[in-house]
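[1] Okay, sequence plus prediction incoming.
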Amino acid sequence: MTTSPLFYQAGPEMPEVSHGRGVFLWDTNGKEYLDGCSGAISCNLGHGRQDIRDAMLAQLDRVAFTYRTQFENAPALALARQLVGMTDDALEKVFFVSSGSEAVESALKLARQYFVASGESQRRRFVSLRPSYHGSTLGALGMTGYQPLEAPFSDITMSSLKVSGPDFYRQRDADRETHVRRVLEETRNQIKAVGDETIIAVVLEPVGGASTGARLVDKAYLEGIRRLCDEIGCLLIFDEVLCGVGRTGTWFAYQQWGVTPDLLVTAKGLGAGYYPVGAMLCREEIVEAVMASGGFQHGHTYAGNPLACATGLAAIEAIRDEHLLDNVDARGRQLQRGLETLQCRYPWVGDVRGLGLLWGVELVMDPTEKTPFPAQANLFARVTALAKEEGLLIYPRRPLDGLAGDHFLVTPPFTISESEVVLLLERLERTFARLDREVV
Ligand code: PLP
């Protein structure tokens, strides 16, 4: 009999949390941790905020739950308007859910129903990238390109056509432009091979999250994908569950490159870790077609929950009122400089990549050949454990199918100050010094 009835995933024993304030958390033994990954890239405003607490309590005093088919509620309407405004009115309709996986499921189903309603029910296939992560429910898992997660379920998931995205770290083409052109050409050929008339949508993360260690696309790639979708008449879905709502320094990551999707999903930071809330945004024309065919055949009990939406609204207002996107930008550049300094000091830091306050660090055995460390070294777990001992939380991932190195994300809350970034980098430096001595 184990001591705890809870189980999630295999892993080391964990300390019990006591409380959190700002970018710090404390365990019940009094040890302090700098939250360098905002929990699961979700506590974007840090911990213990009075304004979010007050907004939640005020909503609780009015009403905690109403059902979406019985009442409109003011926080849901206000949050939906905010989200539409954050896309500069490019995506006009909003559908609320409680998690990233639910948001992805909703987008997949809405896209499919749109084509059924439009008389194109031969469209039954999605295209997504390998590597990628789109969630843990079966539909979202079918989009996910990450072998260890897919393997036990591959016989029972509706798996998408997997294509490669750009990899600016490992690419061996003459230059970036040639690389992007080649990747797009391969994607086009793969789609043509299965029949472009069968494609519902291309689904991708503009900035990869845990699965890729913040791998980036670029403008030429996104423009190429947009053109391809338009040409073959399918939809483009951006998964901004992790990179949306300000994480990259713009409200949505796609705004960094100015290429607009037809549907967008977001979650994680939307409720800033205070309450689960996610959303799917899409073009009005899609919703009109689906509504004309009898309504969207989909929904979750907690969709548009007043308490969830009041929390999300308070979080977005805080980001806006405190000009936190500017801080994401400034502190992001400071963090980048610090991580690149560490990269110069430790040759096994192969790549540092990211945007805003979303940074990935990839560790490799041989920086010239970019060879990963052997999987048995479990470097991703070791670096996370050492960082935790040094009082720093980072977000790790196992190497990808042996094709990339161990990596981790550094994604602190948007509220982090200049001196707290210095502290984060000091703790990471101590972690790296120990890793250098003990393991590498
Ligand atoms: N999509 C992306 C890009 C994610 O990073 C995640 C979670 O990490 C999800 C979807 C799934 O979100 P959730 O864990 O809230 O279901």
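    On my side now, so go ahead. Residues are numbered from 1 along each chain as shown.

[2] which strands and helices sit next to the one helix or strand residue 77 maps to?
    According to DSSP states H and E, residue 77 maps onto helix 74-86. Other helices and strands packing on helix 74-86, by 3 or more Cβ pairs under 8 Å, 6 or more residues apart in numbering; DSSP states H and E, are strand 93-97, strand 278-282, helix 306-321. For glycine as for every other residue, the C-beta is placed from the backbone atoms N, C-alpha and C.

[3] And the residue of the protein closest to the ligand?
    residue 100 (2.2 Å; Cβ to the nearest ligand atom).

[4] burial measure for that residue, as a count.
    Neighbour count for residue 100, taken as other Cβ atoms under 10 Å: 29.

[5] Spit out the contact partners of it.
    135, 140, 239, 241-242, 265-268, 278 (Cβ atoms under 8 Å, 6 or more residues apart in numbering).

[6] Using a markdown table, lay out the residues you listed together with distance to residue 40 and secondary structure.
    Formatted as a markdown table, those follow (distance: Cβ to Cβ, whole Å; DSSP: H, G, I helix; E, B strand; the rest coil):
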| residue | distance to residue 40 | secondary structure |
| --- | --- | --- |
| 135 | 13 | coil |
| 140 | 16 | helix |
| 239 | 15 | strand |
| 241 | 10 | coil |
| 242 | 9 | coil |
| 265 | 16 | strand |
| 266 | 14 | strand |
| 267 | 10 | coil |
| 268 | 7 | helix |
| 278 | 13 | strand |
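
[7] Which of the residues you listed lies at the shortest distance from residue 303?
    If you rank the contacts of residue 100 by distance to residue 303 using Cβ to Cβ, residue 278 comes first, at 9.4 Å.

[8] Run through the residues that contact the nearest residue to that closest one once chain neighbours are set aside.
    Spatially, and ignoring its direct neighbours in sequence, residue 278 is nearest to residue 267 (3.1 Å; Cβ to Cβ, 6 or more residues apart in numbering). Residues in contact with residue 267 (Cβ under 8 Å, 6+ apart) are 97, 99-100, 102-103, 241, 276-279.

[9] hmm, back to that, deepest of the helices and strands packed on helix 74-86, which one?
    Among the helices and strands packed on helix 74-86, ranked by average contacts under mean count of other Cβ atoms under 10 Å, first place goes to strand 278-282 (a mean of 27).

[10] Sticking with the closest residue to residue 171 other than its chain neighbours, tell me its helix or strand.
    Using Cβ to Cβ, 6+ apart and skipping the chain neighbours, the partner closest in space to residue 171 is residue 179 (4.3 Å). Secondary structure assigned from DSSP H and E places residue 179 in helix 176-194.

[11] what helices or strands is the next helix or strand after that helix leaning on?
    As assigned by DSSP H and E, the chain's next helix or strand after helix 176-194 is strand 199-204. Strand 199-204 is packed against helix 100-117, strand 125-129, helix 219-232, strand 235-239, with contacts defined by 3+ Cβ pairs under 8 Å, 6+ apart.

[12] and these, which is most packed in?
    Ranked by mean neighbours (mean count of other Cβ under 10 Å), these are led by strand 235-239, with a mean of 27.

[13] That one - contacts with which helices or strands?
    Against strand 235-239 (3+ Cβ pairs under 8 Å, 6+ apart) you get helix 100-117, strand 199-204, helix 219-232, strand 263-266.

[14] shaky segments in the stretch 251-400 of the chain?
    Scanning the stretch 251-400 of the chain for pLDDT under 70 picks out 399-400.

[15] what does it have sitting close to the ligand?
    residue 267 (Cβ under 6 Å from any ligand atom).

[16] And the helices in the stretch 251-400 of the chain?
    Counting by DSSP state H, counting those that start in this stretch, the stretch 251-400 of the chain has helices at residues 284-292, 306-321, 324-345, 379-389.

[17] Can you pull the residues of the stretch 1-150 of the chain lying near the ligand?
    So the stretch 1-150 of the chain meets the ligand at 99-101, 104, 133-136 (Cβ under 6 Å from any ligand atom).

[18] I figured the residue nearest to residue 171 hits residue 170, correct?
    No. At 9.9 Å, residue 179 and residue 170 do not qualify as touching, with contact defined as Cβ atoms under 8 Å.
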